[in-house]
Every structure is written in structure tokens, then in C-alpha cells.
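*Asks:* Whatever this is, show me its structure:
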Amino acid sequence: MSTKPTTTDFEWTELDQRAVDTVRVLAMDSVQKVGNGHPGTAMSLAPAAYLLFQKLMRHDPSDADWTGRDRFVLSPGHTSLTLYIQLYMAGYGLELDDLKAFRTWGSKTPGHPEHGHTRGVETTTGPLGQGIGNAVGMAMAARYERGLFDPDAAEGTSPFDHTIWAIVSDGDIEEGVSSEVSSLAGHQKLGNIVAIYDDNHISIEGDTETALSEDVLKRYEAYGWHIQRVDQSPDGDFDVEALYGALKAAQAETGRPSIIAARTIIAWPAPNAQNTGASHGSALGDEEVAATKKVLGFDPEQTFEVGDAVFSHVRKVVDRGTEAHAVWAKRFEEWRAANPERAVEFDRIHAAELPDGWEKALPSFPVGKDVATRKASGAVLQALGGVIPELWGGSSDLAGSNNTTIDASSSFLPTGNPLPEASPYGRTVHWGIREHAMGSTMNGIALHGNTRIYGGTFLTFSDYMRPAVRLAALMRLPVTYVWTHDSIGLGEDGPTHQPVEHMAALRAIPGLNMVRPADANETVTAWREITRRHNEKPAPHGLALTRQNVPTYEADQDAAKGGYILFEAEGGRPQVILIGTGSEVQLAVEAREALEADGIPTRVVSMPCVEWFEEQDQAYRDGILLPDVKARVAVEAGIGLTWHRYVGDTGRIVSLEHYGASADYKVLYREFGLTSEAVAAAARDSIAAAGR
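*Replies:* Take a look at the predicted model:
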């Protein structure tokens with residue numbers, strides 16, 4: 001383990017130091033003006049962030065989406081000023097007025113960084129641990145991207161080689177998701193990621209001795225990371241030369257991920273607030289801000305002071321970024337000339353376009369054949385995999401159950417892995433039993449760009465993924481979750497594995513589209529629509545798929561509208577509408593037969609995705625759920641929370657309002673009253689209620 005790396009190309013001038021101290025002043029003033037925020041970490045991390053943005057990262061402020069750029073992830077999003085001030089200094093479009101508007105309505109500088117809201121922010125962070133997960137995902141995506149376009153290039157020579165830089169905090173280290181993603185990164189030997197661990201020993205409750213005593217670097221060494229430690233300089237500030245040397249050494253280490261533990265003093269050099277829990281999440285106060293400015297040689301009477309010389313100095317990074325971009329562009333054009341077919345593929349993928357005729361590869365399933373929707377999904381994935389090379393993914397150790405393997409002979413594993421199917425550019429991801437990691441890394445993969453990612457587990461284990469799923473929805477990321485074993489239909493595994501509340505809970509996440517197809521052909525339509533929406537309407541999608549076989553009906557492309565008429569009433573206008581989803585559509589179909597036999601015209605609506613249905617115009621929705629037909633029944637093997645708005649006061653819901661049990665699924669459906677007879681009885685009851 002290095003303690004004080006040295007380097008020969010380091011240059012640090014008085015102007016650099018003044019710029020770092022300016023960052024500290026801006027952090028104090030921004031929080032002080034709004035009256036709330038997290039000044040301490042932004043102050044202590046100022047030298048580290050400055051080194052990255054001004055001296056180490058390959059980036060171009062004039063093109064924030066440049067393919068060849070390094071990525072930067074600020075995992076402790078509460079210290080958003082650490083990032084905002086560097087974006088301001090580097091010329092990404094933030095101005096002093098944006099810092100003055102910190103954490104206020106409509107500003108470009110919200111309390112935590114938000115991707116898509118502020119130019120230069122690579123990912124939304126705040127929930128601790130998720131950011132380092134995103135960074136690991138970006139590193140995975142960078143390797144897969146290289147495999148798509150330039151797999152044979154020597155190390156460090158490809159235009160697709162770049163570094164993922166991250167800053168992580170004690171809070172990130174403590175959150176469980178960081179353990180999962182760090183273990184995965186070490187196993188995958190992701191040598192393109194460098195993390196700075198801000199070892200400041202302070203959290204909201206004070207000294208981290210209250211909760212953390214492990215040797216973090218030994219932990220990461222055990223994961224397979226390259227580890228270094230950088231201590232403070234004698235005056236208590238960062239030893240910037242040592243940190244620079246450590247960062248260069250970490251970037252040069254391409255056989256494993258790197259982490260640098262940097263001992264910092266939070267709120268340095270505030271005379272009274274430094275090294276206190278209060279400085280983590282509170283304004284320092286006018287007196288302390290003034291005292292700190294005096295220590296730094298700034299005028300206590302001025303606010304948001306940025307000297308002309310400092311401003312000119314830091315904005316030179318724009319020119320350096322332009323030069324770096326030009327060097328990369330030359331290498332990129334040389335690659336294009338040497339790889340014309342791959343260049344055409346790059347252009348298509350980078351534009352998020354699909355190959356011509358891709359839909360022709362999709363399978364279809366004969367009517368009447370019983371097929372589990374998880375099996376149908378697997379067939380679709382294999383078909384899509386044959387024509388969409390950027391599509392990749394896998395499972396959290398459940399591929400055989402999730403049917404998520406595109407190519408069993410191609411596993412995404414590092415060079416040196418003993419498995420015969422291992423390849424650093426493999427198609428199938430093995431996340432292991434790490435749903436937390438799967439969710440957060442999928443977000444990072446999507447954010448990195450130039451690939452399409454999916455990941456699978458059982459629906460009940462989506463609980464482990466929920467923080468990442470919520471962030472995917474917040475960022476409108478086109479990730480696809482293959483969640484199988486979607487109900488008590490999984491049978492003998494019992495209530496721990498049987499999702500009951502999950503569909504309603506997931507539908508409650510704004511921006512997440514939950515798709516629960518009724519049969520194999522609806523599953524094909526669902527995958528077609530999800531694939532098409534990747535660029536047109538980016539959003540996360542969750543597929544809830546059956547373990548058990550279900551009947552196959554005639555394919556209807558209106559399934560892509562979220563709800564459609566599967567079977568129309570015979571003999572006149574519908575007297576009752578039955579709404580089914582997933583494996584319970586068959587119960588609605590069987591109930592319709594009984595009701596029609598009794599002379600009750602009955603319409604069956606299959607509603608695989610309520611979110612897609614709600615996107616349709618009012619005329620379409622009214623055409624499916626006729627407003628004047630008040631007798632309605634919804635049926636789903638889960639809690640009925642979702643369905644009240646569709647059935648109304650006189651409607652009925654056949655649902656499961658309790659946990660399941662261990663038995664054959666047919667027994668469970670019968671014993672819990674999820675039967676066609678129960679649906680028909682509910683329909684008659686609703687007709688009576690509507691007629692009163």
C-alpha cells in the first residue's frame with residue numbers, strides 16, 4: 001500500500017492554491033446565503049475535486065456528452081457544491097448566480113446533483129452508495145463498449161478507453177450496496193475505475209467511531225482492489241502532490257479497480273467548525289465564515305469572491321479540453337477508417353437507432369399452447385440478441401429461472417477467469433446474488449450510453465433493488481428489469497418468495513412502467529414496445545412474468561397501448577367489463593364464458609401496463625373502459641390497491657390481500673379464491689350494485 005506516491009509532472013502554483021481556496025469560499029457563501037446545506041465536505045474536498053477537473057480528467061466543457069470523455073461520479077451527493085463549483089470553474093454553463101441560487105426553486109444547483117437537470121452532472125446522487133454503484137456500472141459499460149467496437153486494440157490505445165473517477169464518503173462505504181458493487185468490481189477486475197475515499201471521520205452524528213471501525217482499505221484489498229493511502233500535509237490540509245501521484249498511479253493500474261483513502265478534515269480550515277459534525281450539514285454562520293475567509297486571505301466583507309486571475313486560470317481547462325478532444329477525434333477517425341463496418345454500427349448505436357428489420361426476428365406463439373411468460377421472454381431475448389449486439393444483461397444468479405441468458409457461451413468476465421465461456425467482452429452478466437448491485441450498476445450502464453441493459457431476478461426481490469429503481473425512474477433511464485415468479489403462481493417456495501404487494505408498490509413509482517403480460521404473445525409485444533421506447537420514450541420498465549404456464553391468445557398489437565379488448569361481448573353492448581392482468585387474464589376469460597352462457601354480455605380487457613394505458617388519449621381509454629358501463633371487475637393475484645380507480649364505487653376487485661402459502665399453485669389459487677367462479681360472482685354482484 002502506497003502512503004505517499006511521487007510524480008514528476010506535478011505542477012502546483014500559487015494560483016492553483018488560490019483557486020482551491022476560492023472553492024472553499026464559494027462553498028461557504030452558497031450555503032450561508034440559502035441558510036442550509038452541506039459546506040464542510042465541499043471545503044475539505046476542494047483540492048481533490050480541483051485536481052480531477054483541472055489536471056487529470058479528460059473532459060471537454062464545450063461538449064458534455066463527448067463519447068471519449070472520462071466520467072466523474074460524486075457519490076456523496078449531499079456535497080453537491082463539490083461538483084457545482086468545479087462545473088462553474090471549468091465552464092460547463094453554471095455561473096456565479098447559479099451558486100447564489102443554490103437549493104432554491106428553479107435553480108440549476110439543487111440540493112443534490114440531478115442528471116439531465118444540470119449540464120455536466122453524470123448521474124443523480126444522494127441516496128448513499130448508489131453513486132459508487134453507478135460508477136461500477138459505467139466501468140462495466142465502458143468495457144462492453146470497447147468489445148463492441150474495438151476489441152483487439154492494445155491496452156490504452158483505443159478511443160473507447162477512458163477512466164471512471166468517483167468520490168465516495170464514509171456514508172457510501174457503510175451502505176450495504178457499496179459492499180456488493182465493490183465486490184463485483186474487484187471480481188470483474190475493472191481497472192478503469194478510480195475512487196477517492198474521503199476519510200474525514202465525520203457523519204451527521206459526529207465522529208464515525210460511533211458506527212465504523214473496520215479497516216476500509218483492507219476490506220477493499222480483500223475485494224481485489226488496488227489500495228493507496230494519502231495522509232494530510234503537516235498543516236492539516238490535503239497533501240496535493242501526494243494525492244496527484246496516487247491518482248496517477250491508480251489510473252495506471254489497469255488490472256484492478258483502485259481506491260485511495262485520503263485523510264481529510266471536514267470544513268478545513270474553519271477555525272471552530274472544522275472536524276465537527278455540525279459542519280457536515282449546517283451553514284457555518286456569519287462569524288465563522290468571516291473568520292475562515294481571514295485565514296484564507298479573503299475579504300470577510302465580500303461574498304462569492306472570484307479574482308480575475310483565478311477565473312482566467314481555471315477557465316483555461318476549456319482550451320485543454322478542446323485540445324484533448326481534438327487528439328481523441330484524430331484517433332477516432334483513424335479507428336473509423338480502419339473499421340468501417342464497426343463505424344457504421346457505432347453511428348447507429350450512438351444514435352439509439354435499431355437495426356433495419358429487427359422486428360422480423362421476434363417470435364410468435366401458436367394460440368392455445370400453454371407457455372410461461374418467463375419462457376416466452378427468454379425466447380424473445382435470444383431472438384433480439386441475434387440482431388441487436390448492444391443488448392446485454394443477465395441475472396442475479398437466477399438466469400435459469402429468469403430465462404435471461406442470450407448466449408450461454410459468452411460470459412462477461414475478466415481475462416484470467418477460469419470458466420471456459422469467460423470473455424472480458426462477454427454478453428451475459430453474472431451479478432451474483434447481488435440485487436442491490438444489479439440495480440445500481442444497471443443505472444450506471446444506461447448512463448454511460450451506447451448499450452442496452454437488462455437484468456433479472458424474482459419479483460419479490462425487487463425490494464432489494466427499489467432505491468436504484470426509483471433513481472432510474474427519476475432519471476428516465478431505459479433499463480429493463482426481468483422480474484419473474486410474479487405471484488403465488490410460483491407455488492411451493494411459499495410466502496417469502498410470493499410477491500403480493502409488489503405490483504402495487506412498483507406501480508406507485510412515478511416514471512416506472514410495470515408490464516405484466518397475459519401470455520406469450522403479449523410478452524413479445526411488450527418486449528417490442530420496450531425496445532422501441534428506448535430512445536423515443538426512455539424510461540425504466542419492469543416485466544413481471546409467470547413461472548407457471550398460461551394459455552396463449554391471439555396476438556394483438558394494441559397490447560402496446562397498455563390495455564385493450566381481448567374478447568368482446570357477444571349479443572350486444574357489454575353489461576360488465578372484466579379487467580385482468582398477467583396470469584389472471586385467463587380467469588377473466590373463463591368467467592366471461594360463464595357469464596355469456598347466462599346471457600350477460602361481457603367484455604374482457606387485458607391490461608398488461610396501466611402506465612402505458614394512462615398515456616393514451618381519453619377517447620381511446622373510454623373506448624376500452626366504457627364510461628357508462630359501471631359494472632366492472634378487476635382480477636389480479638396481489639393486493640387490489642391499483643384497481644380501485646378503474647372499477648369505481650360499484651365495481652369489484654378479486655385480489656389477494658394477505659400473504660401466500662407453500663403448496664401447488666393450482667391449490668393456492670383455489671384456496672385463496674382466485675378462480676373464474678369468484679370473478680363471475682363478483683361480476684354479478686357488481687351488476688346488481690350498478691343497477692341500484
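*Asks:* can you confirm residue 97 is in a strand?
*Replies:* No. Under DSSP: H, G, I helix; E, B strand; the rest coil, residue 97 sits outside any strand and is assigned helix.
*Asks:* Output stretch 245-258 as CSV, nothing but the C-alphas.
*Replies:* Provided in CSV are the C-alpha atoms of stretch 245-258 (Å, rounded to 0.1, in the frame of the first residue of the first chain):
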residue,chain,number,x,y,z
GLY,A,245,0.7,11.0,-7.5
ALA,A,246,-1.7,8.5,-6.1
LEU,A,247,-4.3,9.4,-8.7
LYS,A,248,-1.8,8.9,-11.5
ALA,A,249,-0.7,5.6,-10.1
ALA,A,250,-4.3,4.5,-9.7
GLN,A,251,-5.1,5.4,-13.3
ALA,A,252,-2.0,3.5,-14.5
GLU,A,253,-3.3,0.4,-12.7
THR,A,254,-5.5,-1.2,-15.3
GLY,A,255,-5.7,-4.8,-13.9
ARG,A,256,-7.9,-4.0,-11.0
PRO,A,257,-10.1,-1.1,-9.6
SER,A,258,-8.4,1.4,-7.4
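*Asks:* and residue 73, that one's in a strand?
*Replies:* Yes. Assignment of residue 73 by three-state DSSP places it within a strand.
*Asks:* for residue 566, helix, strand, or coil?
*Replies:* Going by three-state DSSP: residue 566 is strand.
*Asks:* what's near enough to touch it?
*Replies:* 518, 553, 556, 580, 585, 589, 604, 605, 606 (C-beta atoms under 8 Å, 6 or more residues apart in numbering). In this view, the C-beta of every residue, glycine as well, is placed from N, C-alpha and C.
*Asks:* quick one: which of the residues you listed sit in helices?
*Replies:* 585, 589 (DSSP state H).
*Asks:* any chance you could map the helices in the stretch 151-300 of the chain?
*Replies:* Secondary structure of the stretch 151-300 of the chain (DSSP state H, counting those that start in this stretch): helices located at 170-174, 176-188, 216-223, 240-252, 278-281, 286-296.
*Asks:* what's the spacing between the nearest residue to residue 95 once chain neighbours are set aside and residue 148?
*Replies:* Leaving aside its chain neighbours, residue 95 sits nearest to residue 88 (6.7 Å; criterion: C-beta to C-beta, 6 or more residues apart in numbering). The spacing between residue 88 and residue 148, counted by C-beta to C-beta, to the nearest Å, is 35 Å.
*Asks:* do the same with residue 588
*Replies:* Note on residue 588: its distance to residue 148, by C-beta to C-beta, is 44 Å.
*Asks:* Run the chain-centre distance for stretch 613-631.
*Replies:* Mean C-alpha position of stretch 613-631 versus that of the full chain (C-alpha atoms, centre = their mean, to the nearest Å) differs by 33 Å.
*Asks:* start to end distance for that stretch?
*Replies:* Taking C-alpha to C-alpha, to the nearest Å, the first and last residues of stretch 613-631 lie 20 Å apart.
*Asks:* OK, contacts around residue 552?
*Replies:* Residue 552 makes contact with 365, 366, 367, 368, 369, 370, 371, 519, 520, 521, according to C-beta under 8 Å, 6+ apart.
*Asks:* ok, now with 10 Å
*Replies:* For residue 552, the contact set (C-beta atoms under 10 Å, 6 or more residues apart in numbering) comprises 364-371, 373, 376, 518-523.
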